[in-house]
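Enquirer: Sequence unavailable; structure follows:
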């Protein structure tokens, strides 16, 4: 296994050399950076690969920083800044078991210079470096970067607002995580440290900046800078106050709140903008102040009570006087969200009780902000992706409609009946307006539907749509009278907004509407897949996908394949055609609907697969050229897996035709190293290979050596699917590998060696090892066995984690099952005398209770039974004293609850947490692997096996077994054992 050692070297960091800080290197770097901006992939890709290959070198980040400071070419400066930020994002975090990717010298140099550099750079570069500082701060602050804050705070004195805003921007990106981190002592300590250093200077800066605004009240350029400072200060206020009310801010509440209130009511003509779209500085500042007030009203209402009435008044006036232009959207929605958070707190209820107040809120705030404006119409038509994201995925937090809808829900908490009554009147009058002239007044109906939706929905989940509805709204009646007619209209392209509303209504209220109405809607939804409007056919696909996931009474799908039979052909046809509509060629909702349709229809899709697989592989070839939509790509691979699974379940011999269709595309993906797709390809190949009966096709054998290349194993996302693929190779072709690729066995064990060294991936190493033991002809690995055990012992000595021990126990027992107990004892004792006894005493007996999983427990039970009954050394050497404790441990494994305790000091980094842009492993649900039991039918009940084996042992040496039992087995265990013997109808002699 000496090859294993070179394997280790190959996986170390490439080019851990040093790049000298000289002009030649700066020029080389400049050229390559310029090439990474080239639209032609033939120029761009090699340049990206080059930069990737040198980023492990010492001084690389320093060269980038030198370039962005010194280069005369602005494009290169910005490109170097972005490259530097991404480099920090990928490599700064130090991950256990992984090499440290940035040398300590570079780390120190970066931290020493970056703040100054950021402050002296132009704004575009300042933003990138500010982000980089916050990524470094996230890891190193406060312990490894204690002077960062003081270095920042001292710059407040500079009086130069370019510098001050740079500091504020950096502080904002550093502290904004306090808004969503879980409470912990570490977090409190860090926030306390920040407050002690930062709160006082921030407050002083806030007051000074407000004074400067008065001094420079007529200088528009000065005001712009000062107002952007005030906005950043207000954002910092929000982050620092989010977790708890700090004492400092409580003591200084008067300063902050009275100034916030003044700023809310301020109207400076100089800062008003003519742009209708883009929010100006005044709007941004007021929006943040509304957020800050809402935070205090919700979390610290007692302390905030004296200020609340004047904020309610100011914000109410703001809402009533602000226009409908898009630039005010964030401000209006934050202002409405403030009212929404206040009106559902019990002790502010009195502010809203009066019928006139409710009516005027409904009329002046809610209704005007639910209107479908021309800006919304433009988004619907020309920016459908953004529209869908807001409307379907709830990223519409900052839209007026969403805020108005939240306010309706908030008011309904205490005033459901009066609010519903007020709005029912409006809904009816709007529907009547629409009926008078449907062509001109379609927007009236749109608002009516939106109002009904916000009134009716009290609780909503992604999985079930609306789960709780307002009793006062009759959803079914509204569906029949107002929704169904729109869905039934013959022209799917007429009034697309209303059609989209109708489809969304079915989707949202799917759990409330009776099944017969859903069945009535399905063919209509299928017809809408052909609509030209992207929003409309996307909603149709999404609605179908959601309906197909609904569960019926016996946990089967609510909609059955039989009920879909009349529309199956049309459904599949329209879904694939929709992918050809301009703007939807990579529409993730359509792809997800294709996946879900396959999953629902099962064998009903078999007749269509031959045509569909061609379309899917063609699509795969196109997107692999430039993968840009991760969800779309994921569902595309899921759909491929489903078509393979369903077809081969009906007829396993079709697997060859799938390979013919897919392998050319797969080869291209692997050759071009399309990183996002490689893990998917391995999963689909495993699925295909597992379907083959027990031989391995030559097309797979040709690929085998490539799967062992160290570079592939560098990327964490490849590891789980690659291990699974190698397991499939071993399962189907262990003998083939031994006979025709024996020279590759050291490489295979080299992979095992690499995986076993990592805490995050050691279990994957054991999966591979267990498959080698189970499927390789024994003689093919004889020469490597001892080395394998030695490697495992080295790892046990260096870091013995619960996860490793569980896997280790399964492995040694599988070895005992496969090669016999004597072989296990001999290999341990050949490494070091008496080692077998140590392993039993220190690992097997105390730890076997931790093994989890039915197959794993069965392997351990059968392996230990063999050690107890088929290993002479256990009967007449110093190992004999371990015989009873081992039997007791085995009965414990059968009868005691699993020990799932984990020592305090073991907290693994989940693969999901590892940073960087490497696609983490994306598991395909429909490529799932069946659990494999290596013992299988040979042993159905391990307890019976134990009884029979003990019986056999006792007949071989009469009297020994009962005396060993009576001496130290505890009474309870003995009782269980008697039960096993009775069940097996055997006795001990």
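Expert: It's in. Since the structure is predicted, the reported quantities are computational estimates derived from the model, not experimental observations.
Enquirer: Mind checking the pLDDT average for the host helix or strand of residue 302?
Expert: Assigned by DSSP states H and E, residue 302 falls within helix 301-304. Mean pLDDT, helix 301-304: 92.
Enquirer: for that helix, packing partners?
Expert: helix 253-265, helix 281-299 (3 or more Cβ pairs under 8 Å, 6 or more residues apart in numbering; DSSP states H and E). Every residue, glycine included, has its C-beta placed from N, CA and C.
Enquirer: now the first one against helix 281-299, angle please.
Expert: Spelled out, that is helix 253-265. Interaxial angle of helix 253-265 relative to helix 281-299 (axes from the mean of the first three to the mean of the last three Cα atoms, to 10 degrees): 130 degrees.
Enquirer: If we go by neighbour counts, what in helix 253-265 is buried?
Expert: 253, 256, 257, 259, 260, 261, 263, 264 (16 or more other Cβ atoms under 10 Å).
Enquirer: ok, now which ones touch the second one?
Expert: If I follow you right, that is residue 256. 203, 206, 237, 249 (Cβ atoms under 8 Å, 6 or more residues apart in numbering).
Enquirer: Among those, which ones are in strands?
Expert: Assignment to strands by DSSP state E places none of these there.
Enquirer: can you give me the helices in the stretch 201-350 of the chain?
Expert: For the stretch 201-350 of the chain, the helices defined by DSSP state H, counting those that start in this stretch cover 220-242, 247-251, 253-265, 281-299, 301-304, 308-321, 329-343.
Enquirer: Which stretch among the ones you listed approaches residue 71 most closely?
Expert: Closest to residue 71 of those is helix 220-242 (Cβ to Cβ; 26.6 Å).
Enquirer: The closest one: which residues count as buried?
Expert: So helix 220-242, judged by 16+ other Cβ under 10 Å, has buried residues 222-223, 225-242.
Enquirer: Show me which of the buried residues of helix 253-265 is closest to residue 710.
Expert: Within the buried residues of helix 253-265, the smallest distance to residue 710 is 57.4 Å, found for residue 256 (Cβ to Cβ).
Enquirer: State the distance from that closest one to residue 348.
Expert: Applying Cβ to Cβ, to the nearest Å, the value for residue 256 to residue 348 is 21 Å.
Enquirer: for the protein, longest helix please?
Expert: Ordering each helix of the chain by length in residues (DSSP state H) puts helix 400-436 first.
Enquirer: Show me what the helix or strand following that helix is packed against.
Expert: Downstream of helix 400-436, the next assigned helix or strand under DSSP H and E is helix 442-456. Applying 3+ Cβ pairs under 8 Å, 6+ apart, we find helix 442-456 packed against helix 367-370, helix 400-436, helix 496-508.
Enquirer: where along the stretch 1-150 of the chain do the strands fall?
Expert: Along the stretch 1-150 of the chain, counting by DSSP state E, counting those that start in this stretch, no stretch forms strands.
Enquirer: the helices in it, which residues?
Expert: According to DSSP H, counting those that start in this stretch, the helices that the stretch 1-150 of the chain contains are 3-11, 23-36, 41-54, 60-70, 74-91, 104-120, 123-140, 148-154.
Enquirer: Shouldn't residue 897 be within a helix?
Expert: No. With DSSP: H, G, I helix; E, B strand; the rest coil as the criterion, residue 897 is assigned coil and is not in a helix.
Enquirer: any idea how far residue 802 is from it?
Expert: Counting by Cβ to Cβ, the gap from residue 897 to residue 802 is 16 Å.
Enquirer: Comparing the two, which shows the higher neighbour count?
Expert: residue 802 (16 against 7; other Cβ atoms under 10 Å).
Enquirer: Is it correct that the more buried one is in contact with residue 902?
Expert: Yes. Counting by Cβ atoms under 8 Å, residue 902 is a contact partner of residue 802 at 5.3 Å.
Enquirer: can you tell which of the helices and strands packed on helix 301-304 is closest to residue 814?
Expert: So among these, helix 281-299 is nearest, using Cβ to Cβ, at 55.2 Å.
Enquirer: helices or strands up against that closest one?
Expert: For helix 281-299, the packing partners by 3+ Cβ pairs under 8 Å, 6+ apart are helix 220-242, helix 253-265, helix 301-304, helix 308-321, helix 329-343.
Enquirer: Leaving out chain neighbours, which residue sits closest to residue 892?
Expert: residue 849 (5.8 Å; Cβ to Cβ, 6 or more residues apart in numbering).
Enquirer: how many neighbours does that neighbour have?
Expert: Around residue 849 there are 16 residues (other Cβ under 10 Å).
Enquirer: shouldn't residue 68 be in contact with residue 121?
Expert: Yes. Using Cβ under 8 Å, residue 68 is in contact with residue 121, at 7.2 Å.
Enquirer: Show me whatever sits in contact with both of the two.
Expert: By Cβ under 8 Å, 6+ apart, the residues touching both residue 68 and residue 121 are residue 81.
Enquirer: one step back: which of the contacts of residue 256 lies closest to residue 59?
Expert: For those, the nearest to residue 59 is residue 237 (40.3 Å; Cβ to Cβ).
Enquirer: Can you check the pLDDT for the residue nearest to that closest one when sequence neighbours are not counted?
Expert: Spatial nearest neighbour of residue 237, chain neighbours left out: residue 292 (5.7 Å); criterion: Cβ to Cβ, 6+ apart. For residue 292, the pLDDT comes out at 97.
Enquirer: separation between residue 292 and residue 861?
Expert: Residue 292 is 62 Å from residue 861, by Cβ to Cβ.
Enquirer: These two: which is more packed in?
Expert: More crowded of residue 292 and residue 861, by other Cβ under 10 Å: residue 861, with 25 against 21.
Enquirer: The more buried one sits in which helix or strand?
Expert: Taking DSSP H and E as the definition, residue 861 sits inside helix 854-869.
Enquirer: Run the chain-centre distance for that helix.
Expert: Relative to the chain's own centre, helix 854-869 is displaced by 37 Å; criterion: Cα atoms, centre = their mean, to the nearest Å.
Enquirer: thinking again about what came up before, can you say which of the helices and strands packed on helix 301-304 is nearest to residue 786?
Expert: So among the helices and strands packed on helix 301-304, helix 281-299 is nearest, using Cβ to Cβ, at 63.5 Å.
Enquirer: one step back: just the buried positions in the longest helix of the chain, please.
Expert: By 16+ other Cβ under 10 Å, the buried positions in helix 400-436 come out as 400-412, 414-416, 418-420, 422-423, 426-427, 430-431, 433-434.
Enquirer: other SSEs contacting it?
Expert: By 3+ Cβ pairs under 8 Å, 6+ apart, helix 400-436 packs against helix 329-343, helix 355-361, helix 367-370, helix 442-456, strand 457-461.
Enquirer: Return the member of the ones you listed having the minimum mean pLDDT.
Expert: strand 457-461 (a mean of 61).
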